[in-house]
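Asker: sharing a sequence plus its predicted fold:
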Amino acid sequence: MTFDLSRQRVADASAHVAGGVNSAFRVGIRPHPLVFAAADGAILTDVDGNRLVDYFLGMGPMLLGHRPPAVVAAARAQLDRSILVAGQTELEYAAAEVLTRLVPSAELVRFAVSGSEAVQAALRVARAATSRATVVKFEGHYHGWFDNVLWSVSPAVEEAGPADAPVPVPGSLGQRPAADVAVLPWNDAALLRRRLARGDVAAVIMEPVMFNNGGVLPLPGYLEAVREACDRTGTVLVFDEVITGFRVGPGGAQAAFGVTPDLTVLGKALANGFPVAALVGRRSYMDLVAGPVLHGGTYNTQSVAMAATLATLTEIASGRPYEAIEPAGTRLMEGLRKEFADAGVEARVVGYPAVFQVGFGAVRPRDYREAQRADRAAYADFAAALLDRGVRVLPRGTWFVSTAHGDHVDATLTAVHDTLRSAA
């Protein structure tokens, strides 16, 4: 496949758009940023006319695939009623009610526009509730691009300090100093207990499964130990389920692991491509948002986005998406393991049918630093080669699967087979 027109369009657009893209996460993906003309189901069509089986899925949101009929119909119908009303609609109340049934921690709901923004609301609530300042986050976990959380997301190990006492590493030039942020290695309950014992931590925030870096599962008993340590020290436990929410299952990772946080941040699959996120949590904390803790936003609960949210959540609550995704994702994961084994490629495939991680090398990581020992360069080469065979996967190793992928698993595995044989 050739992507020459995409390359030219990005270069031309750089005269008006900084770098030719509108998100830093679209830069550096080989062979270069792509420009798309259409998307339907599991297929993207770019401006060069290439049809690509899409496992980016908008970086995760498209649980129901591109342009699912129920969501499209709801959004179109709402355009004839309202777009933005600076007030409430029945749509947001109905969507919130579904969330409180699906997500164990969701006693109350507040909608936002992005996961990054909802994280900020969660931390503000935690600080207000505890009268403490410090937030504990973990190496390799991503909670948005704002200054106070963009620390040690993907640091060079040689810059990150001792493994048991990491040094916060900024993710961008221009960040303010890491005041009130403590960084720890994930999956080490003893270290977390010792840090919380100092009594100055307002919140512990984590991805319950580390999918932004390496696809690391919590060790058996780890989430339970974190919950107990937070309870004992009066610390607010925040789960960032922007990725795991609705992909690990309809109740998110918290339902799958049986550990309920105090607050949860949701996004991505929540509205199947519309810009909607949510902060949900226990009533005792969320009541603060109804009172002294300010949370606002012009575009919160924009009518068309709420129509899409309600349609998406209605589908999720029905269970139908998982009836399609679970067999397709399972067959894909098992097929990948077989292709790698047959080609003599040391690889791990870990996760769930709707979201899993592929890594090259013998490492079976427990935390971010161990995950860095994987052969990431070889995997990036593999992802670039797959694109030439019509399959688009994230070079970091995360695969997102939708309800529309069932008919494309065989073609994907054929492309993987041919790519591995060609590399050999």
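Answerer: Cool, the structure landed. Numbers count the residues shown, from 1 in each chain.
Asker: residues in contact with the closest residue to Pro166 other than its chain neighbours?
Answerer: For Pro166, ignoring the flanking residues on the chain, the nearest one in space by Cβ to Cβ, 6 or more residues apart in numbering is Val183 at 4.5 Å. C-beta: built from backbone N, CA, C; applies to glycine. Listed by Cβ atoms under 8 Å, 6 or more residues apart in numbering, the contact set of Val183 reads Val136, Lys137, Phe138, Glu139, Trp151, Ser152, Pro166, Val167, Pro168.
Asker: phi, psi for Phe239 please.
Answerer: Phi and psi for Phe239, reported as degrees, to the nearest 10, are phi -100, psi 130.
Asker: number of nearby residues for Glu207?
Answerer: 25 (other Cβ atoms under 10 Å).
Asker: how much space between it and Gly115?
Answerer: Going from Glu207 to Gly115 by Cβ to Cβ, to the nearest Å gives 11 Å.
Asker: mutual contacts of those two, please.
Answerer: Asp240.
Asker: surely Thr260 and Ala253 touch.
Answerer: No. With contact defined as Cβ atoms under 8 Å, Thr260 does not count as touching Ala253 (10.8 Å).
Asker: in terms of neighbours, single out the busier of these two.
Answerer: Ala253 (26 against 19).
Asker: may I ask which helix or strand encompasses that one?
Answerer: Using DSSP states H and E, Ala253 sits in helix 252-257.
Asker: quick one, domains of this protein?
Answerer: Taking automatic domain parsing as the domain assignment, the ranges for the chain are 4-55+320-423, 69-318.
Asker: tell me the SS of the residue nearest the centre of the chain?
Answerer: Nearest residue to the geometric centre of the chain (Cα atoms, centre = their mean): Ile243, 2.7 Å. Assigned with DSSP: H, G, I helix; E, B strand; the rest coil, Ile243 falls in the coil class.
Asker: ok, back up a step: go through the helix holding Ala253 and flag the buried ones.
Answerer: For helix 252-257, burial by neighbour count (16 or more other Cβ atoms under 10 Å) applies to Gly252, Ala253, Gln254, Ala255, Phe257.
Asker: next: stretch 325-333.
Answerer: Ile325, Ala328, Gly329, Arg331, Leu332, Met333.
Asker: got a markdown table for those residues, with secondary structure, distance to His408 and pLDDT too?
Answerer: Formatted as a markdown table, the buried residues of stretch 325-333 follow (DSSP: H, G, I helix; E, B strand; the rest coil; distance: Cβ to Cβ, whole Å; pLDDT from 0 to 100):
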| residue | secondary structure | distance to His408 | pLDDT |
| --- | --- | --- | --- |
| Ile325 | helix | 13 | 98 |
| Ala328 | helix | 8 | 98 |
| Gly329 | helix | 12 | 98 |
| Arg331 | helix | 11 | 98 |
| Leu332 | helix | 9 | 98 |
| Met333 | helix | 14 | 98 |
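Asker: of those residues, closest to Arg348?
Answerer: Closest approach between the buried residues of stretch 325-333 and Arg348, by Cβ to Cβ: Met333, at 10.7 Å.
Asker: ok, that closest one - contacts?
Answerer: Applying Cβ under 8 Å, 6+ apart to Met333 gives the contacts Val349, Gly351, Pro353, Phe356.
Asker: restricted to strands, list the residues you listed.
Answerer: If you go by DSSP state E, those have Val349, Gly351, Phe356 in strands.
Asker: how many residues are close by the first one?
Answerer: Here the count is done by other Cβ under 10 Å, and Val349 has 18 residues near it.
Asker: so it bridges to which residues?
Answerer: Val358 (DSSP bridges).
Asker: and the pLDDT at it?
Answerer: Val349 carries a pLDDT value of 97.
Asker: how close does it sit to Arg373?
Answerer: Taking Cβ to Cβ, one finds Val349 at 17 Å from Arg373.
Asker: and for the second one?
Answerer: The gap separating Gly351 from Arg373 is 19 Å, by Cβ to Cβ.
Asker: more neighbours: the two, which one.
Answerer: Between Gly351 and Arg373, counted using other Cβ under 10 Å, Gly351 has the larger neighbour count: 23 against 15.
Asker: got a list of what the spatially closest residue to Gly60 that is not a sequence neighbour touches?
Answerer: The spatial neighbour of Gly60 that comes closest, neighbours along the chain excluded (Cβ to Cβ, 6+ apart), is Lys268 at 4.3 Å. When contacts are counted by Cβ under 8 Å, 6+ apart, Lys268 touches Gly58, Met59, Gly60, Pro61, Gly115, Val242, Ile243, Gly245, Phe246.
Asker: just among the residues you listed, which is most surrounded?
Answerer: That'd be Gly245 among the contacts of Lys268, by other Cβ under 10 Å, with 34 neighbours.
Asker: I figured that residue hits Leu102, correct?
Answerer: No. When contacts are counted by Cβ under 8 Å, Gly245 is not listed as touching Leu102 (9.2 Å).
Asker: for Ala384, give its distance to Pro395.
Answerer: Ala384 sits 7 Å away from Pro395, taking Cβ to Cβ as the criterion.
Asker: okay, strands next: where are they in the chain?
Answerer: 36-40, 43-46, 51-54, 108-112, 134-138, 181-184, 201-206, 236-240, 263-266, 277-281, 347-352, 355-360, 391-392, 398-400.
Asker: tell me which residues are up against the fifth one.
Answerer: Here strand 134-138 makes contact (Cβ under 8 Å, 6+ apart) with 123, 126, 143, 148-149, 151-152, 180-186, 192, 195-196, 200-206, 210, 367-368.
Asker: thanks a lot, see you next time.
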